[in-house]
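Asks: next come a sequence and a model predicted from it.
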Amino acid sequence: RGRGERETFATAVATVFTRDAGLDPTVLHGGSAGRRIDLPTYPFQRNRYWATGSATGSTGTSAAARFGLEWKDHPFLSGATPIAVSGTLLLTGRVALSVHPWLADHAISGTVLLPGTAIADLLLRAAEEVGAAGVEELTLHEPLLLPERGGLLVQVLVEAADEQGRRAVAVAARPEGPGRDGEEQEWTRHATGLLTSEAPTVPDTAWAAGAWPPPGAEPIDVEELYDAFAGDGYGYGPAFTALSGVWRLGADLFAEVRRPGADGDSTGDGFGIHPALFDAALHPWRAGGLLPNTGGTTFAPFSWQGIALHATGAETLRVRLAPAGSGAESAFSVQATDPAGAPVLTLDALLLRPVALGETDAPEPLYHVDWQPVPQRTEASATQGWAPDWTVVGAAAGETVAEAAVHADLTALRAAVAAGTPVPRLVVVSPADIGADAPPLDADAGSDADAADRAGTGRDDDTVRDVLGRGLALAQEWVEDERLADSRLVVVTHGAVATGPGDVPDLAGAALWGLLRSAQSEYPDRFTLLDVDGSPASRAALPRALESNEPHIALRTGTLLVPTLAPMTTRPTVTAPSTTAADSAAAEAQGAAPVPDGPAADAVFDPTGTVLITGCTGALGLRVAPHLARRYGVRHMLLVSRRGPDAPEAGALERELVDLGVTATFLACDLADIAAVRRAVAAVPPEHPLTGVVHTAGVLDDGALTGLTRQRLDTVLRPKADAVRNLHEATLDRPLRAFVLFSAAAGILGRPGQASYAAANAVLDALAETRRAAGLPAVSLAWGLWDEKAGMAGGLDDKALRQLRRDGIAALPPGQGLELLDLALTGHRDGPAVLVPLLLDGAALRRTAKERGAATMSPLLRGLLPAALRRGGGTGAPAAADRRGKEADPGAGRVARIVALDAVERSAAVLGLVTEQVAEVLGYASAAEIEPGRPFREIGVDSLAAVELRNRLSRLVGLRLPTTLSFDHPTPKDMAEHIDGKLPRPVGAPPAGTGLEGIGDLERVISLLSTDDTSRAEVRRRLVKLLAALDAPGHSGTQPQGRTAPGPTGADDDAGTGATVTDRLDEATDDEIFAFLDEQL
């Protein structure tokens, strides 16, 4: 009724056809002139194929004319039209990161902004269009934020001239396309100003035409300047770090600025002065002296007075910044010339003002893993000068990398190395060798009965434990062999990670990635994770991937992808519940729970259904359960824990929930027992069916990789990975609206000592991807650190918490954690299946990158660093990496200074270096708290701390130190003496341990000799000659470290009777000689 006959008939036929009724729809088109075409067999990909035509996003003069505009060849402005009668001129254009990617290098507090210099250039262009001489004033009212996707439409409105010839001007912008409500988005006025007709005064630029830099000027370290900017929240990338020199002379600052990549680059065409060059010309203000008390505060340009452009097309500037005169204590003036001293730009006064984080609409601390292609130029630079140097181990080794040496397993490789085979730079483990060769899973849902098997959750399938066990054994064997200490183990998996929507990761492979991410953090430069899709293109790209120097790689149809954490910067517009904080407080005071009335809340949880919450009496469950009642109106809860109603916290939680109007049922259940979980789900009453699952349960069992066992793995897997797989299977036939998993960032970032925890949480993340791909509700929240009393943080000791804070992981206040939960559940319901709520301390991250090098950090965090700190630590930049792909030594300068000291000062400096690193590892406030002669075990250095200490010292001193360093040299003093003996001596100084140089090489040669090797006799003969030389005049028979040469039983009794080394060697057996050498070495 109410529909046309043709539409009704067509709909009915289509419905019958989908029920496989055997209809032949082609008869409906008999006699038609049209031809039949095939429809795509895949969902719409929504790729944009509209021709852009030029860098400005327009198709040129003809297109502008077609819309009644006059074409303007400006990078941000494409058209202009005079407004009839009024004398007003309207200029229009578009700004987008996809068209102007260099703008991404200008950010404040993590948010990309259009620089104020770009707006100044818009006004300068507007002045040119109307015949004005320059910009009298410019005021920035609102920061102009640039979206990650899409662009901004820009308008510059120039009013008619007044009696003095001045013109008012305004700059407005709005996002292109409709908003979430389908309506056109509103314009925002970002800047206003005045254009002037008065010709600018030509400045006196004699300061730039003579000697440069000005005589007597004191240089300022540019790198330290940009470090200070980073500490204040500025994110300047390569396009904006254009200062090549800064100097101070009296109250003035001078600088030389050159736009990076300007040679042969035409992207500056159309600007009066390139905004990046103009912006960099302002940067010297951070050196101090122009503005009062700016340290630690983020400033942005606010008011500009007297902007005049004297020449266009400049690529290199000489700049002078000076105080703007009395009464303007926070303003400064700018003069810029070309290298010959000809004026380019003048700015009479620039006033800055502090920018609060909220004013930039900074993103919440909520991230997702974004897989990005490795630029071709980076791949080329990473491989330049590197010869293929890898071997493959595993039963299917020959199928992994062609033309590479192969070994049956790691034991066979070690035997080959012992026999004299050169140690390879890369050792590739084939997927089949560790069981990580499962094909990508099909996400198409079939029956519920086999859905668990498709997800790898069937109880007959314990692939997760099998793969983890074999991977753990392999990793432990790898790190314990010092002969392979300079090599990387490349573990190849098949479909272990999801790199895009719809991907279905293999649970076992995902768990292995979690475990090895933690191993990477304990042993930097020793592991690479490489996931492949099995396509011929990816197989061909394997050598390129191996040489890319990336720690995490995914190959998808031949494209190299690497992961990074990306903020969920787009703040979604959702219908917020009308319940306010005041309403909630008033309702709770009356013993009632306010029910939210917004569709966003109803879409997540059904108030009439039951929500199953695991770990309900843990620190997080105690917060989450009441929050679901208050925020989402949940009225029926099944609260599951190991002890159920007998848990000490259960009584108080039940009373709180009852006061909120919740029917709470507590149940003791072993979630690792599939039968028990099915009984729990079956017990939910049908009148309030199970509609939501929130899994917060988990347990920690931290420890170093080398101390991890299968039993300890099982301890962590049961409440995390086993539990969530059981919940998944047991609820496949239930009408769930929500399946919320509390995972941990350790599974994504990798944390030292948390290999088992990382593996278990990686399973949760992979299962969320699997469910989402199958059309089932799921989100996994890979939480960072909650406050010290909430969540897994409650199980961490003070040392672990200090280390997290030192590495830039800050603690989320519980209130903010719950806000992020709401944002994930309502604001990003259709977003990624895995979200990372993680509060980061940017200053600590930058300090870690600066002091220890970006390569020591998780590769997913490096993308959040300022570009200047990422250089050399990210994508294999050759200038900062050696041939083995290791980052340039951040402590090289300090070690060079230590090496140049005399013996006494040198020993003290090395001891200071060691105690400083011990204090850092243990979280002490100062190295003075470390007693040099006290054993490490007494000051808190456990196996995990020992690994970190060794890694830090190895990187700082540039030496390969053994993993047993703190056990072989058990006090800071012993360790410092050992390191001091291995450091190089300055030219002309006697070598350390005279007579011992090359002993390490001798040890390796002897270790390669078999017991029946005929060369042993020759080696013995030559050693006897060398040792006999010690008896020559000027040498004593005393051995290094005061030990005596070998001899038969009782020989030590003759130690003082004048027997020579040769005498003792003549009387010693071969085995005694080699035992002596082993002792000495």
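Replies: Noted; the coordinates are in hand.
Asks: chain center to stretch 715-731: distance?
Replies: 28 Å (CA atoms, centre = their mean, to the nearest Å).
Asks: and that stretch, C-alpha only, in PDB?
Replies: Presented in PDB, the C-alpha positions along stretch 715-731 are these (Å, rounded to 0.1, in the frame of the first residue of the first chain):
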ATOM      1  CA  THR A 715      49.400 -19.300  34.800                       C
ATOM      2  CA  VAL A 716      48.800 -16.200  32.800                       C
ATOM      3  CA  LEU A 717      47.000 -17.700  29.800                       C
ATOM      4  CA  ARG A 718      44.300 -19.400  31.900                       C
ATOM      5  CA  PRO A 719      42.400 -16.300  33.200                       C
ATOM      6  CA  LYS A 720      43.100 -14.300  30.100                       C
ATOM      7  CA  ALA A 721      43.400 -16.200  26.900                       C
ATOM      8  CA  ASP A 722      41.500 -19.400  27.900                       C
ATOM      9  CA  ALA A 723      38.800 -17.500  29.600                       C
ATOM     10  CA  VAL A 724      38.000 -15.200  26.700                       C
ATOM     11  CA  ARG A 725      38.000 -18.100  24.200                       C
ATOM     12  CA  ASN A 726      35.600 -19.900  26.400                       C
ATOM     13  CA  LEU A 727      33.300 -16.800  26.700                       C
ATOM     14  CA  HIS A 728      33.400 -16.400  23.000                       C
ATOM     15  CA  GLU A 729      32.300 -20.000  22.300                       C
ATOM     16  CA  ALA A 730      29.700 -20.200  25.100                       C
ATOM     17  CA  THR A 731      27.900 -17.000  23.900                       C
END
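Asks: can you pull the buried residues of it?
Replies: Buried residues in stretch 715-731, counting neighbours by 16 or more other CB atoms under 10 Å, are found at 716-731. Glycine gets a C-beta too; all of them are placed from N, C-alpha and C.
Asks: cool, stretch 645-660 as well?
Replies: Here stretch 645-660 shows 647, 650, 653-654, 656-657, 660 as buried, counting by 16+ other CB under 10 Å.
Asks: next step: those restricted to helices.
Replies: 650, 653-654, 656-657 (DSSP state H).
Asks: could you count how many residues lie near residue 606?
Replies: Neighbourhood size, residue 606 [other CB atoms under 10 Å]: 23.
Asks: residues contacting the nearest residue to it once chain neighbours are set aside?
Replies: By the measure of CB to CB, 6 or more residues apart in numbering, the closest residue to residue 606 outside its immediate chain neighbours is residue 691, 4.3 Å from it. When contacts are counted by CB atoms under 8 Å, 6 or more residues apart in numbering, residue 691 touches 605-606, 609-611, 734-738.
Asks: tell me how far the strand or helix carrying residue 691 lies from the chain's centre.
Replies: Using DSSP states H and E, residue 691 maps to strand 690-695. On the basis of CA atoms, centre = their mean, strand 690-695 sits 31 Å off its chain's mean C-alpha point.
Asks: for the remainder of this discussion, apply numbering that starts at 52.
Replies: Fine by me, first position is 52 from now on; the one you just mentioned is strand 741-746.
Asks: OK, contacts around the closest residue to residue 356 other than its chain neighbours?
Replies: Spatial nearest neighbour of residue 356, chain neighbours left out: residue 400 (4.1 Å); criterion: CB to CB, 6+ apart. Neighbouring residues of residue 400 by CB under 8 Å, 6+ apart: 354-357, 375-376, 379, 382-384.
Asks: what of residue 165?
Replies: Counted by CB under 8 Å, 6+ apart, residue 165 has contacts 146, 154, 157, 194-197, 203.
Asks: please convert these to TSV, extending it with pLDDT, distance to residue 668 and secondary structure.
Replies: Below are the contacts of residue 165 laid out as TSV (pLDDT from 0 to 100; distance: CB to CB, whole Å; DSSP: H, G, I helix; E, B strand; the rest coil):
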residue	pLDDT	distance to residue 668	secondary structure
146	94	53	strand
154	94	50	helix
157	92	49	strand
194	88	46	coil
195	90	49	coil
196	90	43	strand
197	90	46	coil
203	92	50	strand
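Asks: good, we can wrap up now.
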